[in-house]
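> Model the following, please.
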Amino acid sequence: MATGLFLAITFSLCVAFDLLIPRYAMYRAWLGRVPGVHRLTLRPFLRGLIESSACGWFIALIWVPLYNVFLLGRRQS
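Okay, here's the model as predicted:
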């Protein structure tokens, strides 16, 4: 949960930065890579929010078991 929430908040902060300071906006670079999206509206924002949260869950699904294996391995030694 923490990793997904962290990535969702980071994504939201990046979008807010781009909207507040358009001179230094980075969204044009990554928005062009999303199929069917040509400008930043609510739908692409929600999609990015969901995808960033899903990436956090995916990372956690890999990270937590590996962490537990190495932690238990260290305790048994």
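
> Can you pull out the low-pLDDT segments for the protein?
By pLDDT under 70, the low-scoring segments of the chain are 27-28, 30-38, 76-77.

> run the last query once more with 50
Residues of the chain meeting the criterion pLDDT under 50: none.

> where along it do the helices fall?
Under the criterion DSSP state H, the chain contains helices at 2-20, 27-31, 42-76.

> contacting residues for the nearest residue to residue 12 once chain neighbours are set aside?
Nearest non-adjacent residue to residue 12, counting by C-beta to C-beta, 6 or more residues apart in numbering: residue 49, 6.8 Å away. Every C-beta, even on glycine, is put in place using the N, C-alpha and C of the backbone. With contact set as C-beta atoms under 8 Å, 6 or more residues apart in numbering, residue 49 has these partners: 8, 11, 12.

> show me the contacts for the closest residue in space to the first one that isn't next to it in sequence.
Residue nearest to residue 8 in three dimensions, not counting chain neighbours: residue 53, with 4.6 Å by C-beta to C-beta, 6+ apart. Residues in contact with residue 53 (C-beta under 8 Å, 6+ apart) are 4, 5, 7, 8.

> go again using 7 Å as the cut-off
Shown in contact with residue 53 (C-beta atoms under 7 Å, 6 or more residues apart in numbering): 4, 7, 8.

> Filter the residues you listed down to the buried ones.
Neighbour counting by 16 or more other C-beta atoms under 10 Å classes 4, 7, 8 among the contacts of residue 53 as buried.

> now the contacts of residue 49 as JSON lines including distance to residue 25?
Shown next, in JSON lines, are these (distance: C-beta to C-beta, whole Å):
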{"residue": "8", "distance to residue 25": "20"}
{"residue": "11", "distance to residue 25": "14"}
{"residue": "12", "distance to residue 25": "15"}
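
> Spell out which residues sit in contact with the residue most central in space within the chain, please.
What sits nearest the mean C-alpha location of the chain, by C-alpha atoms, centre = their mean, is residue 52, with 3.0 Å. With C-beta under 7 Å, 6+ apart as the criterion, the residues that contact residue 52 are 7, 8, 11.
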